[in-house]
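**Student:** below are the sequence and a predicted model; questions follow.
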Amino acid sequence: MSLLPETTRRLDVLAAEIQAAGRAPSVVLGVVRDGGLAYVTGAGDHPAPAPDTQYRIGSISKTLTATLVMGLRDEGRLALDDLLYRHLPGTPVGSVTLRQLLGHASGLQREPDSAGWWERTEGSDVETLLAGLTPEKVAHPPHRTYHYSNLAYGLLGAVVERITGKPWIEQVTERILAPLSMLRTTYHPHEPFAPGYVVHPLHGTLHEEPRTDTGAMAPAGQLWSTVGDLARWAAFLAEPVPEVLAPQTLAEMCVPVAISDPETWSGGHGLGLELYRRGERVLVGHGGSMPGYVAVIAVHRPSRTGVVAYANAYGFPIGQVGFSALLEVLDREPVPPAPWRPAPPPPPEVAELCGRWWWMGLAHDAAWEGGELVLTRAGREPWRFTMDGTDRWRCHSGANDGETLVVRRDAAGGVAALDIATFVFTRDAGQLG
């Protein structure tokens, strides 16, 4: 879906204004709609913005690590509430769970021990990382507070390697990058790529940063990518490819594990994904930074709209670019509803369930939509049920998600009531459930 000319002009101006104000050598921005890259813009000429130029994505790498972990969970090779001990025996921080590590609720300190800042230092192997752990690395009681931890994702990468017997990058490539055709997302940079800089605060000159191999900490922030490739990842976060990860598993990743700002509740963290509330919308994605680079990916899943953005200047406000651009698109070009089309008649056993039902004087309407029995009440999220046996239905949305609907029948075999988790709905408006 292409964007309107007035929207693209606004995005051009937005990128130019923030690039100039933030003094970045280059900024590049891509908008994703309906599974594809709808528009690319940017500003600056070191290098000129292009959809195939690589930048470091920093902590956006964590979203791929988390996807690996969740895929292994779906295969039955781990459980989210496994203690770390189970997969890394003997580690002195093994009393935290994989779920806590994924959601930054483990209490682990933010960074691993290193001779210098690990992001600017050549990394060690997994065994060296594990050997450097001590009980003191748990800086906070687990799950008492949100505490972002790069170290946690180094350990999750070690778990992936122990379970699969393969290096983390091989698993990322085989399970995610290759199936999604993200062929320009790599461990090391490949031309064309943007050099990363720190801009001198007084005279605006550029200091080029080293491009390190972070070793065992790679699962926390090593990868390089492009606007084109990260657009494919944004499309996946909006609508996952089941061969890579089950849609219900990605939905699980978007449920908050911890709120990162308890005062305003505008941000939180799910299972590997950052969650952002902007007005009435909830966005998912992640920010990223490495010395000389910043990046952001943000997706509005209901409309399948996302933004990816990079700059090659450390400290540049890339989140401002990404979120402003995404909100511009959502506000200016709301996704139209899908057109109504006539449907085939419901099966007889479903037809007798359709119509109005009452509970405690409140009206609920049952209809057959796309192979689901849907109960709606004004002002509430619909309850969607799929058949789960004779006269049994299972809900998978709204307040009754996971609950069972049982059809109660009278002596003649007719439908007498709907029992939803012991709440009894009847055709009689005056009968209380």
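**Tutor:** Good, I have the coordinates.

**Student:** low pLDDT regions in the stretch 301-433 of the chain?
**Tutor:** 433 (pLDDT under 70).

**Student:** and the strands in it?
**Tutor:** Ranges of strands within the stretch 301-433 of the chain are 305-311, 355-359, 362-369, 372-376, 383-387, 392-395, 404-409, 415-420, 423-425, based on DSSP state E, counting those that start in this stretch.

**Student:** possible to save these as CSV with distance to residue 53?
**Tutor:** Every C-beta, even on glycine, is put in place using the N, C-alpha and C of the backbone. Compiled in CSV, those are given as follows (distance: least, CB to CB, whole Å):
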stretch, distance to residue 53
strand 305-311, 8
strand 355-359, 58
strand 362-369, 45
strand 372-376, 44
strand 383-387, 43
strand 392-395, 47
strand 404-409, 53
strand 415-420, 54
strand 423-425, 57
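
**Student:** pick the most buried one from these.
**Tutor:** Comparing the strands of the stretch 301-433 of the chain by mean neighbour count (mean count of other CB atoms under 10 Å), strand 305-311 ranks first with a mean of 31.

**Student:** for it, packing partners?
**Tutor:** In terms of contacts (3 or more CB pairs under 8 Å, 6 or more residues apart in numbering; DSSP states H and E), strand 305-311 is packed against strand 26-33, helix 227-238, strand 293-300, helix 318-332.

**Student:** now with 10 Å?
**Tutor:** helix 5-22, strand 26-33, strand 36-44, strand 55-56, helix 227-238, strand 281-290, strand 293-300, helix 318-332 (3 or more CB pairs under 10 Å, 6 or more residues apart in numbering; DSSP states H and E).

**Student:** that one vs helix 227-238, what angle?
**Tutor:** For strand 305-311 against helix 227-238, the angle by axes from the mean of the first three to the mean of the last three CA atoms, to 10 degrees is 140 degrees.

**Student:** quickly run through the sheet partners of strand 305-311, with directions.
**Tutor:** Strand 305-311 sits in its sheet next to strand 26-33 (antiparallel), strand 293-300 (antiparallel), going by DSSP bridges.

**Student:** burial of the closest residue to residue 6 other than its chain neighbours, as a residue count?
**Tutor:** Leaving aside its sequence neighbours, residue 6 sits nearest to residue 332 (CB to CB, 6 or more residues apart in numbering; 7.2 Å). Using other CB atoms under 10 Å, residue 332 is surrounded by 13 other residues.

**Student:** quick one, what contacts the closest residue in space to residue 110 that isn't next to it in sequence?
**Tutor:** Closest residue in space to residue 110, ignoring its immediate chain neighbours: residue 149 at 5.4 Å, by CB to CB, 6+ apart. By CB atoms under 10 Å, 6 or more residues apart in numbering, the residues touching residue 149 are 96, 100-101, 104-112, 137, 139-140, 155, 220.

**Student:** and those residues, which are buried?
**Tutor:** Neighbour-count burial (16 or more other CB atoms under 10 Å) is assigned, among the contacts of residue 149, to 96, 100-101, 104-109, 111-112, 137, 155, 220.

**Student:** tabulate those (a markdown table), appending secondary structure, distance to residue 209 and pLDDT.
**Tutor:** Formatted as a markdown table, those follow (DSSP: H, G, I helix; E, B strand; the rest coil; distance: CB to CB, whole Å; pLDDT from 0 to 100):
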| residue | secondary structure | distance to residue 209 | pLDDT |
| --- | --- | --- | --- |
| 96 | coil | 32 | 95 |
| 100 | helix | 32 | 96 |
| 101 | helix | 28 | 97 |
| 104 | coil | 25 | 96 |
| 105 | coil | 31 | 95 |
| 106 | coil | 29 | 94 |
| 107 | coil | 31 | 92 |
| 108 | strand | 26 | 94 |
| 109 | coil | 24 | 91 |
| 111 | coil | 17 | 88 |
| 112 | coil | 19 | 88 |
| 137 | helix | 27 | 89 |
| 155 | helix | 26 | 98 |
| 220 | helix | 17 | 97 |
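
**Student:** out of the residues you listed, which one sits closest to residue 362?
**Tutor:** For these, the minimum distance to residue 362 (CB to CB) is 37.7 Å, reached by residue 105.

**Student:** isn't that closest one up against residue 96?
**Tutor:** Yes: with contact defined as CB atoms under 10 Å, residue 105 reaches residue 96; the gap is 8.7 Å.

**Student:** what do the two both touch?
**Tutor:** Shared contacts of residue 105 and residue 96, defined by CB under 10 Å, 6+ apart, are found at 142-143, 149, 152.

**Student:** ok, the residues you listed vs residue 247, which is closest?
**Tutor:** Closest to residue 247, out of all of those and judged by CB to CB, is residue 152, at 25.6 Å.

**Student:** next, the contact list for the closest one, please.
**Tutor:** 62, 65, 84, 93, 96, 98, 100-110, 137, 219-220.

**Student:** what's the helix or strand for it?
**Tutor:** helix 150-164 (DSSP states H and E).
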